[in-house]
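1. Pasting a predicted model and its sequence here:
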Amino acid sequence: MSSVKIETQKKEYETTDYKISMDIPQIKTDIPYRDKFNADYQSLSDEIFNTFSAEAINSEATKDLLTMAQEIKLNKKNILSVVGHIEAFTGGAQNQLYRVTRNIDLANCRELEFVDLF
């Protein structure tokens, strides 16, 4: 196997206080690492959602905003690289920007660490 099929699960929520748009990548190809990858991304998304929602309730901003988009940087030669772009606004002068990067060795079913690259 050199690549896997990835689909994005889209979750959107909107209240009078906040708007949330989240893309959650999910591996669809039947491989040993699929369930762990999918569960990890779902857990990360839930954690970000819960943290943001709690902050938004106490925010003085007119309308808080959370956007989480995923970009597949590499999906070949048994390596999957996903970069998550997260933008949050809960008031103040500037948005908060974050990146979450995961690099997966599909052949060995493990996440690559920085030390693995050098």
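-> Happy to help now that I have it.

2. so where is this protein shaky, pLDDT-wise?
-> 1, 61 (pLDDT under 70).

3. can you point me to the longest strand in it?
-> strand 64-76 (DSSP state E).

4. now do the same end-to-end measure for stretch 98-118.
-> Using Cα to Cα, to the nearest Å, one end of stretch 98-118 lies 25 Å from the other.

5. May I see the buried residues of it?
-> R102, N103, I104, L106 (16 or more other Cβ atoms under 10 Å). C-betas here are computed from N, CA, C, even on glycine.

6. My guess is the third one contacts K77. True?
-> Read it as I104. No: if you go by Cβ atoms under 8 Å, I104 and K77 don't touch, sitting 12.0 Å apart.

7. Who does the residue sitting nearest the centre point of the chain form a beta bridge with?
-> Central residue of the chain (Cα atoms, centre = their mean): G84, 4.7 Å from the mean position. Note on G84: beta-bridge partners Q70, V100, judged by DSSP bridges.

8. Likewise for K11?
-> M22.

9. got it, and E7?
-> As assigned using DSSP bridges, the partners bridged with E7 are Q26.

10. To which secondary structure element is the residue lying closest to K73 once chain neighbours are set aside assigned?
-> Using Cβ to Cβ, 6 or more residues apart in numbering and skipping residues adjacent in sequence, the residue nearest K73 is S81, 4.2 Å away. Using DSSP states H and E, S81 maps to strand 79-89.

11. Which secondary structure elements does that strand sit against?
-> Judged by 3 or more Cβ pairs under 8 Å, 6 or more residues apart in numbering; DSSP states H and E, strand 79-89 is in contact with helix 34-57, strand 64-76, strand 96-105.
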